[in-house]
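K.L.:
everything below, folded, please.
(one chain, ligands or ions: 1)
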Amino acid sequence: MDATEDPRIRNVVIVGGGTAGWMAAAALVQHFRGAPLTITVVESSEIGTIGVGEATIPTIRRFYAQLGMSDAEVMQATQATCKLGIRFQDWTRPGSDFIHPFGLYGQDLRGIGFHNYWMRLREDGDQTPLAAFSLGASLAQAGRFTLPSRNPPSSLSVFDWALHLDASLFAQHLRKYAEAGGCLRIDAKVRKVELRADDGFIRGLVLEDGREIEGDLFIDCTGFRALLIGETLGSGYEDWGDWLPCDAAFAVQSENAPDTDPPAFTRVTARSAGWQWGIPLRHRAGNGLVFSSRHMTDDQALDELMPRLMGRPITEPRRIAFRPGRRRETWVRNCVSLGLSAGFLEPLESTSIALIENGIERLKQLFPDRHCAQPVIDEFNDQSAREMERVRDFIILHYKLNGRDEPFWRECRDRPIPDALARKVALWKARGQFVRYRWEMFHPASWLAIYDGFELWPDAVDPAVADLDPAALARSLGEMKTAVARTVAETPTHAQFLAALDRSLAA
Ligand code: FAD
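P.N.:
Numbers count the residues shown, from 1 in each chain. Coordinates of the predicted model:
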């Protein structure tokens, strides 16, 4: 580039129109509103999208709020239901059942984590489950839903919520938004990616119909294929298969269960060599089985999945193979990857869309000029890598702590775990404390939910609570439990909440 030329980026090309591509397009249109910047999405309706990705975590609501979209608008556009957390069945052992809520447990007192008080009472034989002190978990269990208080009077009232949504409808909604804001869309297959001879930056794309599309910055949202970042620029893939053995899934849509209210949680049930998801939407349900192909044939997987759908199947089951892991460099020269092209972790904690949101946010913060300075790239890559490793470790924890007996699950228990995770678990066991690294997506309350759900408790309570008067403690925790139970009893059911939302949208 000539030294006198304006180095600012004028032309962003997003390749891929799945969830990642349209999220990126909508967010950049909003971010650069009024700036002389052209955003183009190239997608191929012939290739299509992966067509799954229905369970989210609460950050998605902040993502679309930044675009000026309300919860009601997005829920209506995507046939969404509300999600208070994830229900894990049969993981700790067959018959076990717990909820990982988006919310807190009890009230910390004197700067000491609530779980210490709860454990102190347990030592005296109190059997009250930890979930009884979590409004989010208790609402989910009771099938109730309401919007959280904007000014919660105490941490006892703190919970958050996310959506179960139709991913294709979500992408369509974002596309409408992006196109209304000036984003261009080209429906064509990319045949070739051309590099500049001098510096190896991407110069442009050659489409199947011969058209050439030039750009300053390219965003690879081509899904597992990773056409730009992987195939063209050669960024390798760090495979995490030694830690996370599942490598395939069957996905199938069904009707919702007849005559039952939609649950306000994602259901994830352990099966003999993997786990099954169930996601209620308004117009249908999403189902699937994530499994290890070394431990289970496709026929066995289908035999486990198909009789246990949320309702009658309405599509054929579709097999999706995957490799857990991440792109070694998610940004190379003038190409940033988002979504499946940047890496994949199984959807056990519904994290993929959240990783896309954070990748987009990071790109906005570090948005380069046409030189794409290496320190900017390095920072993006470092943050992306750390964040994904933290999520990976959280997911590994579920496998490590399982208490099932099949060979697959025994192997998962016996596998070594990453050092950073081993340190966290060891500290929790020894002292009931949480290690919090940078770029951690999951808060201590989430770690607590999983430790407690899998019945891994610290060896001793905090010394400052060890000698508290048990009767006074029982009274105090009893009041908290009653307050949670009272709020639950006063809350409408999830179905009533959705019906009220429909009425308000129709009015
Ligand atoms: P895709 O949807 O695959 O889109 C790729 C795009 O690139 C398409 O538009 C395609 O046409 C285009 N393309 C590819 N090659 C070319 C070419 N040569 N020319 C032009 N265009 C091209 N995430 C969650 O957050 N929650 C979940 O519950 C969840 N469940 C999942 C379950 C499974 C089994 C799997 C595999 C994933 C799940 N995910 C989930 C992840 C989620 O589906 C993805 O993160 C999300 O859909 C983003 O996908 P994407 O846009 O990166 O890729």
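
K.L.:
please identify the helix or strand for residue 448.
P.N.:
helix 444-453 (DSSP states H and E).

K.L.:
and that helix, what does it pack against?
P.N.:
Counting by 3 or more C-beta pairs under 8 Å, 6 or more residues apart in numbering; DSSP states H and E, the packing neighbours recorded for helix 444-453 are strand 97-101, helix 374-400, helix 419-431. Every residue, glycine included, has its C-beta placed from N, CA and C.

K.L.:
tell me which parts of this structure are close to the ligand?
P.N.:
Within the chain, the positions adjacent to the ligand are 15-21, 42-44, 47-50, 52-56, 167, 189-190, 221-223, 225, 227, 249, 251, 288, 320, 322, 339-341, 347, 350, 352-353 by C-beta under 6 Å from any ligand atom.

K.L.:
find the closest residue to the ligand in the stretch 51-200 of the chain.
P.N.:
Closest contact between the stretch 51-200 of the chain and the ligand, by C-beta to the nearest ligand atom, is at residue 53 (2.8 Å).

K.L.:
burial measure for the closest residue to that residue other than its chain neighbours, as a count.
P.N.:
Using C-beta to C-beta, 6 or more residues apart in numbering and skipping the chain neighbours, the partner closest in space to residue 53 is residue 167 (4.3 Å). Neighbours of residue 167 under the rule other C-beta atoms under 10 Å: 21.

K.L.:
thinking again about what came up before, looking at the helices and strands packed on helix 444-453, which is buried most?
P.N.:
Burial of those is given as mean neighbour count (mean count of other C-beta atoms under 10 Å); strand 97-101 ranks first at a mean of 23.

K.L.:
just the angle between that strand and helix 444-453, please?
P.N.:
180 degrees (axes from the mean of the first three to the mean of the last three C-alpha atoms, to 10 degrees).

K.L.:
before we move on, back to that, how near is the residue nearest to residue 53 to residue 51?
P.N.:
Noted for residue 167: a distance of 7 Å to residue 51, by C-beta to C-beta, to the nearest Å.

K.L.:
repeat that for residue 418.
P.N.:
From residue 418 to residue 51 the distance is 31 Å (C-beta to C-beta).

K.L.:
the more surrounded of those two?
P.N.:
Legend: neighbour count by other C-beta under 10 Å for residue 418 and residue 51, higher for residue 51 (18 against 14).

K.L.:
if I pick that one, what's in contact with it?
P.N.:
Counting by C-beta atoms under 8 Å, 6 or more residues apart in numbering, residue 51 touches 167-168, 251, 318.

K.L.:
how about residue 209?
P.N.:
residue 188.

K.L.:
same question for the one 10 residues further on.
P.N.:
With contacts taken as C-beta under 8 Å, 6+ apart, residue 219 has the following neighbours: 12-15, 21, 24, 335-338, 363.

K.L.:
just checking, it is part of a strand?
P.N.:
Yes: under DSSP: H, G, I helix; E, B strand; the rest coil, residue 219 falls within a strand.

K.L.:
quick check: bridge partners of it?
P.N.:
When bridges are called by DSSP bridges, residue 219 pairs up with residue 14, residue 336.

K.L.:
mind checking pLDDT for it?
P.N.:
Note for residue 219: predicted pLDDT of 99.

K.L.:
give me the distance between it and residue 338.
P.N.:
Distance, residue 219 to residue 338, by C-beta to C-beta: 6 Å.

K.L.:
what do those two both touch?
P.N.:
The contact sets of residue 219 and residue 338 overlap at 21, 24, 363 (C-beta under 8 Å, 6+ apart).

K.L.:
so which of these belong to helices?
P.N.:
Mapping the shared contacts of residue 219 and residue 338 onto helices (DSSP state H) picks out 21, 24, 363.

K.L.:
can I get the residues you listed in a markdown table with neighbour count?
P.N.:
Formatted as a markdown table, these follow (neighbours: other C-beta atoms under 10 Å):
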| residue | neighbour count |
| --- | --- |
| 21 | 30 |
| 24 | 29 |
| 363 | 23 |
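
K.L.:
which single one of those residues is nearest to the ligand?
P.N.:
Nearest to the ligand among these, counting by C-beta to the nearest ligand atom, is residue 21 at 5.5 Å.

K.L.:
so residue 489 belongs to a helix, correct?
P.N.:
Yes: the assignment for residue 489 by three-state DSSP puts it in a helix.

K.L.:
for it, the count of nearby residues, please.
P.N.:
Neighbour count of residue 489, defined by other C-beta under 10 Å: 10.

K.L.:
got a list of what the spatially most central residue of the chain touches?
P.N.:
Centroid check for the chain by C-alpha atoms, centre = their mean gives residue 351 as the closest residue, at 1.7 Å. The neighbourhood of residue 351, defined by C-beta under 8 Å, 6+ apart, consists of 57, 345, 391, 395, 441.
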